[in-house]
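*Asks:* How does the following fold in three dimensions:
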Amino acid sequence: MQLRKRTVRFLEFALIGIVMGVFEDTLAVYFVTGERVTYHTVWIVFLVALPFAFFSEYVVDHPNFWKKVLRLKDDDDGFIK
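*Replies:* Predicted structure coming up:
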């Protein structure tokens, strides 16, 4: 993978995965528990969301993940493109 593609993928991971994940998880904590949202709450939500965002972006969204997990076959080289 080229450096530019890696940079774009990292920025997508950082901005979309983490920021949106923290935002939606913070809303969930607020609506479910009724607690005030503080920096401490956002920090804990960030720490919880980080591994899930990493797993989602670098493992599940990897181009070959579903091919390997589901063992999808194609006539040409063994895998669906």
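
*Asks:* going forward, measure contacts and count neighbours with C-alpha atoms only.
*Replies:* Fine.

*Asks:* so where is this protein shaky, pLDDT-wise?
*Replies:* Filtered on pLDDT under 70, the chain yields the residue ranges 1-3, 57-66, 68-81.

*Asks:* Show me which helix runs longest in it.
*Replies:* helix 39-55 (DSSP state H).

*Asks:* how close does Tyr30 get to Glu12?
*Replies:* Distance of Tyr30 to Glu12, given as Cα to Cα, to the nearest Å: 26 Å.

*Asks:* wait, Leu47
*Replies:* 18 Å.

*Asks:* Nearest residue to Val42 in space, please, no chain neighbours.
*Replies:* In space, Val42 comes closest to Thr26 once its chain neighbours are excluded; the distance is 6.5 Å by Cα to Cα, 6 or more residues apart in numbering.

*Asks:* how many neighbours does the residue nearest to Glu35 when sequence neighbours are not counted have?
*Replies:* Distances taken as Cα to Cα, 6+ apart put Val29 closest to Glu35, at 7.4 Å, once the chain neighbours are dropped. When neighbours are defined as other Cα atoms under 10 Å, Val29 has 17 of them.
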